[in-house]
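Have a look; sequence and predicted model below, questions after that.
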Amino acid sequence: AQSVTQLGSHVSVSEGALVLLRCNYSSSVPPYLFWYVQYPNQGLQLLLKYTSAATLVKGINGFEAEFKKSETSFHLTKPSAHMSDAAEYFCAVNFGNEKLTFGTGTRLTIIP
Amino acid sequence: DGGITQSPKYLFRKEGQNVTLSCEQNLNHDAMYWYRQDPGQGLRLIYYSQIVNDFQKGDIAEGYSVSREKKESFPLTVTSAQKNPTAFYLCASSSESGGIQPQHFGDGTRLSIL
C-alpha cells in the first residue's frame, strides 16, 4: 500500500543547530513530494515541492529537501535553526492520483 | 490578494445540530478539498471536488456532506450523524487535482461540541 511516514512526532534542536526532519514513502513509482509548515491555529503553507527536475529542492525560509529514490526518502533540512522555525511540519505525497497523502507531522521545537 | 477564506474561525455545535463551514477561494482553482485534522493524526481527506457540480468522498466522509454549486465555494456540513466532530477543519484548493500543483490552504475552522 502507498503510504507516507514521518519519523519522530517531536524533534527538538538548539537555536543555530542543524534541522533534519525525516520523510519516507512507499511507492514503486516516483511520486510528487511536498513539505508544508503549519503554525499554531493556522493553515498549511507550502515550503517546497519535488517535481523530478532536480533531486535537491530549495524552499522558503532557508529549508531544502533531497529526493533519494533508492531510499524512498525526502528529508527536510535547514543548516541553522531559528526560533521562528518552531512549528509543525508535514510531508505530503501525490502517488499519481487526484489526492495528497499526508504524514502525521513532526512538531519542531527550538531550544534557545 | 488571492487566497482561501474559511469562516467562522471557531464554531460550536449542540447535540443533534447540523453546522456548515464556509470555504471561499478567489484563486480561480478548479479543485477544492476538505480535511479534518486531529492531534497526532495528520490531515485526513473528507471530500474533494475537481469541478463544479461534482465531488467525491474522501477517506472519512461519513457524517459529512458538501456541495459545489460555484467554482469559488465549497461549503462543508457537519451533520448530527458525525458523533465525534471536535477537530480542526481545513479547506484547500489547487489549480488541478493531483500532479505537481500544490494545494493552498485556508486558516481553518475549529469546531467544538457544546
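Sure thing, it's come through.

And the strands in chain B?
In chain B, the strands defined using DSSP state E lie at B:4-7, B:10-13, B:19-25, B:31-37, B:43-51, B:54-57, B:64-66, B:76-78, B:87-94, B:104-105, B:109-113.

how about the ones you listed in TSV, adding mean pLDDT?
Formatted as TSV, these follow (pLDDT from 0 to 100):
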stretch	mean pLDDT
strand B:4-7	96
strand B:10-13	92
strand B:19-25	97
strand B:31-37	96
strand B:43-51	95
strand B:54-57	96
strand B:64-66	97
strand B:76-78	97
strand B:87-94	96
strand B:104-105	95
strand B:109-113	93
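
and A:Gln45, which of the ones you listed is closest to it?
Taking C-beta to C-beta, strand B:104-105 is the member of the strands of chain B nearest to A:Gln45, at 7.3 Å. Bear in mind the C-beta positions are built from the backbone N, C-alpha and C, glycine included.

Give the other helices and strands that that closest one contacts.
strand A:44-50, strand B:87-94 (3 or more C-beta pairs under 8 Å, 6 or more residues apart in numbering or on different chains; DSSP states H and E).

Please identify the residues of chain B in proximity to chain A?
B:4, B:6, B:31, B:40-43, B:45, B:48, B:50, B:58, B:90, B:92, B:97-100, B:102-108, B:110 (C-beta under 8 Å from any C-beta of the partner chain).

quick one, phi/psi of A:Ile60?
phi -80, psi 160 (degrees, to the nearest 10).

dump the residue contacts of the closest residue in space to it that isn't next to it in sequence.
Residue nearest to A:Ile60 in three dimensions, not counting chain neighbours: A:Leu47, with 5.9 Å by C-beta to C-beta, 6 or more residues apart in numbering or on different chains. A:Leu47 makes contact with A:Phe34, A:Trp35, A:Tyr36, A:Val37, A:Gly59, A:Ile60, A:Asn61, A:Phe63, A:Leu76, A:Tyr89, according to C-beta atoms under 8 Å, 6 or more residues apart in numbering or on different chains.

ok, the last one to chain B distance?
Counting by C-beta to the nearest C-beta, to the nearest Å, the separation of A:Tyr89 from chain B is 11 Å.

For the closest residue in space to B:Pro102 that isn't next to it in sequence, give the beta-bridge partners.
In this structure, B:Pro102 finds its nearest non-sequential neighbour in A:Leu46, 4.8 Å apart by C-beta to C-beta, 6+ apart. Counting by DSSP bridges, A:Leu46 is bridged to A:Tyr36.

so how far is chain A from B:Tyr89?
For B:Tyr89, the distance to chain A - C-beta to the nearest C-beta - is 10 Å.

The nearest residue to that residue once chain neighbours are set aside: how many residues sit nearby?
Leaving aside its sequence neighbours, B:Tyr89 sits nearest to B:Thr109 (C-beta to C-beta, 6+ apart; 4.8 Å). Neighbours of B:Thr109 under the rule other C-beta atoms under 10 Å in any protein chain shown: 22.

Am I right that B:Thr109 is in contact with B:Thr5?
No. In this structure, B:Thr109 is not within contact of B:Thr5 by C-beta atoms under 8 Å, at 10.7 Å.

In contact with residue 18, which residues?
Going with chain A. A:Leu18 neighbours (C-beta under 8 Å, 6+ apart): A:Thr77, A:Lys78, A:Pro79, A:Ser80, A:Ala81.

my bad, chain B
B:Thr77, B:Val78, B:Thr79, B:Ser80.
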